[in-house]
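[1] what's the 3D shape of this:
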Amino acid sequence: MAAQVYARGSFFSDCLNVCAKGGLLDTGSHYIQCWKQNERADPGWANSHDLYAIEQKFMENCALNYFDKNDYRSMMKFVRAFHSIDLKRGFLQSLNLPDELLELEEESGNFMEAAVNIAKTMGDILREADLLGKAGEFLDAYELVFFYVFAKSLWSGGSKAWPLKQFTQKAGLLGKALTFAKEVSSSFYELASTKVELSNKHDNIFEIVNQLKSSRIHSSIRGEILCLWELLDSHFRLNSSKYVWQDSMFDVSVEGMIMKNQLSVETLFCCWC
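    Numbers count the residues shown, from 1 in each chain. Got it, this is the predicted structure:
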């Protein structure tokens with residue numbers, strides 16, 4: 001009743017304050033729409049009555065009402081109706097709601113803002129990579145996903161780094177990394193494919209040597225290191241009694257021996273150095 005009286009008397013601020021305090025949010029929204037119709041009939045009417053500032057204050061009060069009830073979904077309906085993106089950001093930041101702020105920036109197409117200023121601060125690496133991909137920063141997106149997989153392969157589940165481990169999401173994440181790499185260039189995609197192959201477990205020494213050659217062709221220090229680690233691991237897993245012994249290390253092709261899966265002190269020395 002009080003809201004209706006204030007509305008008839010054009011006491012807009014008092015009307016909306018009553019609606020907000022009484023939880024009459026739909027009623028307040030209805031009055032705002034009616035007043036906006038007056039604006040269309042009489043341009044300048046809203047400014048003369050300071051309606052925009054009053055409306056913004058009402059929407060903030062409504063959003064806070066739902067925030068206090070932990071109803072973030074309803075809260076965001078009012079936040080999205082704020083008059084500017086800066087007002088929306090300021091409101092959500094003041095309440096320390098990074099998830100809702102991230103959602104808002106993504107909806108607005110502000111992918112770099114969301115990735116760099118929010119997801120990165122939250123430590124959500126995979127979300128940051130997705131947003132960078134949407135922003136067209138495919139190289140950065142690839143690097144983030146690949147390093148995430150590499151780190152988790154080394155240290156997940158309390159493992160002691162090498163050798164690389166498997167985990168449930170690994171194949172899917174590596175596939176996502178390659179999707180980003182494909183958008184960079186064909187040559188980069190080829191290099192990325194080599195790294196992805198190396199990040200999976202390889203028992204085939206022939207494949208490892210070929211990957212080593214590819215890494216050297218593309219000047220990939222990281223890929224070369226991974227290959228050499230794999231080869232060293234193959235040596236250490238094999239009992240030294242099964243090594244092939246040569247009279248002279250200068251009379252044999254070390255690469256040829258490795259390709260034939262003939263491991264020896266010479267091949268170990270070559271990989272180590």
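[2] so Leu173 sits right up against Phe147, yeah?
    No: at 10.9 Å, Leu173 does not count as touching Phe147 under the criterion of CB atoms under 8 Å. Where you see a C-beta, it was placed from the backbone N, CA and C, and this is true even at glycine.
[3] These two: who's more crowded?
    Leu173 (20 against 14; other CB atoms under 10 Å).
[4] What residues does that one make contact with?
    Leu126, Val145, Tyr148, Val149 (CB atoms under 8 Å, 6 or more residues apart in numbering).
[5] same thing but 7 Å
    Val145, Tyr148, Val149 (CB atoms under 7 Å, 6 or more residues apart in numbering).
[6] Likewise for Leu126?
    By CB under 7 Å, 6+ apart, the neighbours of Leu126 are Val145, Tyr148.
[7] What are the buried residues along the stretch of helix or strand it belongs to?
    Leu126 belongs to helix 125-134 when assigned by DSSP states H and E. The neighbour-count check on helix 125-134 (16 or more other CB atoms under 10 Å) flags Leu126, Arg127, Glu128, Ala129, Asp130, Leu131, Leu132, Gly133 as buried.
[8] dump the residue contacts of the spatially closest residue to Phe12 that is not a sequence neighbour.
    In this structure, Phe12 finds its nearest non-sequential neighbour in Ile54, 5.0 Å apart by CB to CB, 6 or more residues apart in numbering. Taking CB under 7 Å, 6+ apart as the criterion, Ile54 is in contact with Phe12, Ser13, Leu16.
[9] Over to Glu183?
    The contact partners of Glu183, by CB under 7 Å, 6+ apart, come to Phe138.
[10] so where does it fall, helix or strand?
    Counting by DSSP H and E, Glu183 is found in helix 170-184.
[11] buried ones in the helix or strand following that helix?
    Once helix 170-184 ends, the next helix or strand along the chain (criterion: DSSP H and E) is helix 186-199. With burial defined by 16+ other CB under 10 Å, the residues of helix 186-199 counted as buried are Phe188, Tyr189, Leu191, Ala192, Ser193, Thr194, Lys195, Val196, Glu197, Leu198, Ser199.
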